[in-house]
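Student: Sequence below, structure please.
(one chain, ligands or ions: 2)
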Amino acid sequence: MQHEGEPMQSRHAEPVYTAQVPFNVANVSRCLCPGCPVQSDSSCVAEKNDHFEMALKQNPLNPEELPAAYCSSGVARCKDLDGDRTCICGSCPVFSEYYLASGEPAGYFCQYGATR
Ligand code: SF4
Ligand code: SF4
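Tutor: Ligands and ions are numbered 1, 2, ... in the order given. Just a heads-up that it's a prediction; the model follows:
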């Protein structure tokens, strides 16, 4: 009699890369968006930043309240950002950890949406 349900062995020796970035405390805390010139003059962002630490304690995190980690959460909810200024995602540890330079878009996630 044959045995059924034996675990299948993966044929992939290399881990499969996925560009998706979790919207979690670790990533939001390391995100450089709070210091980015693109949103530094946004009154909408400034208002949300007043409650940033409190919002970071919520579980689950609410992207509506945290103007950060747009590579995960997508286009900014605040609409008064200045997309003509320079995105600083390239210096972010989250950007390098998730190889976001290989994804699309490769920056300005607050303008063009999450990495994919
Ligand atoms: S890559 Fe950009 S959007 Fe993503 S966490 Fe870093 S600074 Fe924020
Ligand atoms: S996604 Fe890039 S451009 Fe947008 S706020 Fe973050 S660092 Fe700045």
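Student: for the chain, which spans come out with low pLDDT?
Tutor: Flagging of the chain using pLDDT under 70 yields the residue ranges 1-19.
Student: Which residues of it lie near ligand 2?
Tutor: Contacts of the chain with ligand 2, taken as CB under 6 Å from any ligand atom, map to 32-33, 36, 38-39, 70, 87-89, 107-110. C-betas here are computed from N, CA, C, even on glycine.
Student: Kindly report the residues of the chain close to ligand 1.
Tutor: 27, 31-33, 68-71, 89, 92, 94-95, 100, 109.
Student: For the residues you listed, give me CSV that also has neighbour count.
Tutor: What follows is these, written out as CSV (neighbours: other CB atoms under 10 Å):
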residue, neighbour count
N27, 21
C31, 23
L32, 17
C33, 24
A68, 29
A69, 27
Y70, 31
C71, 30
C89, 25
C92, 21
V94, 22
F95, 24
L100, 22
F109, 25
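Student: Just name the closest of the residues you listed to ligand 2, please.
Tutor: Sorting these by how near they are to ligand 2, with CB to the nearest ligand atom, puts C33 at the top with 3.3 Å.
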